[in-house]
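S.K.: Okay, predicted coordinates and the sequence, questions at the end:
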Amino acid sequence: MTTQPEFPGYVDVDYTAGEGEQPEAYPDIEGKIEQAIEVTRRGLEEYRSPAVMWTGGKDSTLTLYFITEVAREFDLTVPPAVFIDHFQHFDEIHGFVDRWADEWDLEVIYASNDDIGDYAKDHDLEPGDDIPVDALDEHNRHHVDEILEYEEETFPFLLDTYVGNHLLKTVALNDTLEEHDIDGVISGVRWDEQEARADETFYSERHDPDVYPPHDRIHPILQFDEAAVWEAFWNYVVPETVAEYPDQGYVPESADDLPGGVSQDDIPVSPKYFAGFRSLGSEISTEKSDEEPAWLQDLESTTERAGRAQDKEDLMERLRDLGYM
């Protein structure tokens, strides 16, 4: 009797693929898309229980688009989407995710750290209010005391901090991976997005059981930069999703500049991007970059994540070591 190998023994991917590369290695949109299709196809074929991370933002929505297209083309199954509810989203994000999950017939797994969420709700907390560490359950206290080695008696109920980000996002994600036995996490991170992600590969190991449930990360759009993401949206994603949209991809200058018969709700682009946000973190700690829609802003000489709280950005490498995306 042959024994089936355990993870990661049954996975055949090249963990060095993309090592040392930058977006410039894929100079045109066709090359970027071809690579995204190949990485996505391999991810859907090799993993027994994959899932895609979906924030409602442009990168994860583009990744989801590639997944649905590749699944249709190669007769593969569209995996569930994991949406981390950290309790501090823009209201528009929830509406966007609900709208397109229904449109695309997606299974969405909502991951949240309910121990913290329930405490905040029961005590009518606002983001930034303090939560006593000793009010947490044993699972969360273990993360605070033993993993983060945090020594204060309270921590702020705030997403973009070291403790807050880990508890509200990473713990919620890792618990969900374990609960659903997810072995491959398909994620929309990019090389150019943040320094801590610049050395990622297309298939990335997360096998240490002392840190997270063993799994791999699959990164189909590493090779895209911000401008290429928007080029893909207006030339491929939107025209192929919205029947009334021009085939060649019309780039609107505002929400009022959409083609006749098309409303903002018809477009799989978050309304926050139309409003001038370039990155969607949390309602509390993310500001718009400009009044123009994100794709019309100066993408080359300004920083995409400048509108987000820098405490978390500065700690990104440490957070990623704990399982953050």
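M.R.: That came in fine, so what should we check first?
S.K.: contacts and neighbour counts: CA atoms only from here.
M.R.: Will do.
S.K.: ranges for the helices of the stretch 201-325 of the chain?
M.R.: Along the stretch 201-325 of the chain, counting by DSSP state H, counting those that start in this stretch, helices occupy 226-232, 238-241, 271-274, 310-314, 316-321.
S.K.: Please list the outside residues in contact with the last one.
M.R.: The one in question is helix 316-321. Contacts to helix 316-321, defined as C-alpha atoms under 8 Å, 6 or more residues apart in numbering, come from residues Y162, H166, A196.
S.K.: cutoff 10 Å now
M.R.: 148, 161-163, 165-166, 170, 194-197, 206, 211-212, 310, 312-313, 322, 324-325 (C-alpha atoms under 10 Å, 6 or more residues apart in numbering).
S.K.: Name only those of these that count as buried.
M.R.: Neighbour counting by 16 or more other C-alpha atoms under 10 Å classes 148, 161-163, 165-166, 170, 194, 196-197, 206, 212, 312-313, 322, 324-325 among the contacts of helix 316-321 as buried.
S.K.: that older thread, format the helices of the stretch 201-325 of the chain as TSV; extra columns: distance to P220 and mean pLDDT.
M.R.: Formatted as TSV, the helices of the stretch 201-325 of the chain follow (distance: least, C-alpha to C-alpha, whole Å; pLDDT from 0 to 100):
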stretch	distance to P220	mean pLDDT
helix 226-232	12	97
helix 238-241	19	96
helix 271-274	22	94
helix 310-314	22	55
helix 316-321	18	74
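S.K.: now those helices as a markdown table including distance to E46?
M.R.: Formatted as a markdown table, the helices of the stretch 201-325 of the chain follow (distance: least, C-alpha to C-alpha, whole Å):
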| stretch | distance to E46 |
| --- | --- |
| helix 226-232 | 26 |
| helix 238-241 | 27 |
| helix 271-274 | 34 |
| helix 310-314 | 32 |
| helix 316-321 | 24 |
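S.K.: Of those helices, which is nearest A71?
M.R.: A71 lies closest to helix 238-241 among those, at 15.3 Å (C-alpha to C-alpha).
S.K.: Mind picking out the helix or strand in the protein with the poorest mean pLDDT?
M.R.: Here the helix or strand of the chain ranked lowest by mean pLDDT, DSSP states H and E is helix 310-314, holding a mean of 55.
S.K.: closest to T286 out of the helices of the stretch 201-325 of the chain?
M.R.: Nearest of the helices of the stretch 201-325 of the chain to T286, taken as C-alpha to C-alpha: helix 310-314 at 10.0 Å.
S.K.: Now do the strands in the stretch 101-250 of the chain.
M.R.: Assigned by DSSP state E, counting those that start in this stretch, the strands in the stretch 101-250 of the chain fall at 108-111, 130-132, 154-156, 184-186, 203-206, 215-218.
S.K.: now, of those strands, which is deepest in the fold?
M.R.: Across those, averaging neighbours per residue (mean count of other C-alpha atoms under 10 Å) puts strand 184-186 on top, at a mean of 28.
S.K.: In terms of secondary structure, what does that strand contact?
M.R.: helix 29-46, strand 50-53, helix 58-74, strand 81-84, strand 203-206, strand 215-218 (3 or more C-alpha pairs under 10 Å, 6 or more residues apart in numbering; DSSP states H and E).
S.K.: The fourth one pairs with which strands, parallel or anti?
M.R.: The one in question is strand 81-84. strand 50-53 (parallel), strand 108-111 (parallel) (DSSP bridges).
S.K.: Indicate which one of those strands is closest to A36.
M.R.: Per C-alpha to C-alpha, nearest to A36 of those: strand 50-53, 13.9 Å.
S.K.: mind listing what's buried in that closest one?
M.R.: For strand 50-53, using 16+ other C-alpha under 10 Å, the buried residues are P50, A51, V52, M53.
S.K.: from these, which two are the most distant?
M.R.: Greatest spatial distance in those: P50 and M53, 10.0 Å, computed using C-alpha to C-alpha.
S.K.: Common neighbours of those two, please.
M.R.: Common contacts of P50 and M53 (C-alpha under 10 Å, 6+ apart): P80, A81, V185, I186.
S.K.: Look up the pLDDT of the residue nearest to the third one when sequence neighbours are not counted for me, please.
M.R.: Right, V185. Using C-alpha to C-alpha, 6 or more residues apart in numbering and skipping the chain neighbours, the partner closest in space to V185 is R217 (4.8 Å). For R217, the pLDDT comes out at 98.
S.K.: Isn't R217 up against G184?
M.R.: Yes: between R217 and G184 there is a contact at 5.8 Å, judged by C-alpha atoms under 10 Å.
S.K.: what residues do these two have in common as contacts?
M.R.: Joint contacts of R217 and G184 (C-alpha under 10 Å, 6+ apart) are G43, P50, A51, V52, Y203, S204, E205, R206.
S.K.: which among the residues you listed gets closest to D247?
M.R.: V52 (27.4 Å).
S.K.: Okay, and the beta partners of that closest one?
M.R.: Judged by DSSP bridges, the bridge partners of V52 are A81, I186.
S.K.: I appreciate the help and will end here.
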